[in-house]
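Peer 1: Sharing a sequence plus its predicted fold:
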Amino acid sequence: MILAEHLPPGWTVDILASDVSPAMLARAREGRYGQAEMNRGLPAAMLVKHFTHSGADWEISPHLRKMVRIRHLNLAQPFPELPTFDVVLLRNVLIYFDICTRRDVLRRTAEVTAADGYLMLGGPETTLDQDEHWVREPMGSIVVHRPVPPDMIAEPARDHSIASVALTGVDA
Ligand SMILES: C[S@@+](CC[C@H](N)C(=O)[O-])C[C@H]1O[C@@H](n2cnc3c(N)ncnc32)[C@H](O)[C@@H]1O
């Protein structure tokens, strides 16, 4: 909705919406929202402009629907072929993963984000700024994450307290 309202003339937008859950994908494809969902801060002007009343629900307008492609994606697995994104909204999903998987998702997400692109995480996920692939950048009242250029990412430090030793034919 924000893009539809604010993109300059001549721009097009391609939004990929993904989830691992077939039920959530089916819900997204329906594009129907209950009154309680619409009451979470959507201005009335946007409601009447972009939705039509359908029974007890609100149905999203065709012009918004055609901006969005919906597909199954398990973030915890290697990504399939994906385009390069200008903006990635990854809100409240990393919380499901252990720390290794989070770091892996963040690394792979950096690979599919434009060099001048943005990543937005959910509030509880801001501590993940420890990841070396992203740098925090305050923007107004929020914090966004920008990809670190690949040549600026330090090699992981080697742990010299552990030597690699092969013991062969050791007599007692
Ligand atoms: C708490 S909801 C957040 C939804 C939305 N991003 C938001 O902020 O409102 C978390 C979503 O992550 C999805 N999810 C969980 N594990 C996932 C995975 N491995 N890959 C992709 N999506 C996943 C769940 O199915 C659920 O729809």
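Peer 2: Great, that's in hand.

Peer 1: ok, is stretch 106-118 in contact with the ligand or not?
Peer 2: No - residues of stretch 106-118 contacting the ligand under CB under 6 Å from any ligand atom: none, with a closest distance of 11.7 Å. Using the backbone N, CA and C atoms, a C-beta is placed for each residue, glycine as well.

Peer 1: cool, and stretch 38-57?
Peer 2: No - residues of stretch 38-57 are not located near the ligand by CB under 6 Å from any ligand atom, the shortest gap being 10.3 Å.

Peer 1: Which is the succeeding secondary structure element to the lengthiest helix in the chain?
Peer 2: Across the chain, the longest stretch assigned as helix under DSSP state H is helix 99-111. Of the helices and strands lying after helix 99-111 in sequence (DSSP states H and E), the nearest is strand 113-121.

Peer 1: Show residues contacting that next one.
Peer 2: Applying CB atoms under 8 Å, 6 or more residues apart in numbering, the contact partners of strand 113-121 are 84-91, 94, 109-110, 128, 134, 142, 144-147, 149.

Peer 1: List, one by one, the residues from this structure near the ligand.
Peer 2: 19-21, 24, 73-76, 91-93, 96, 122.
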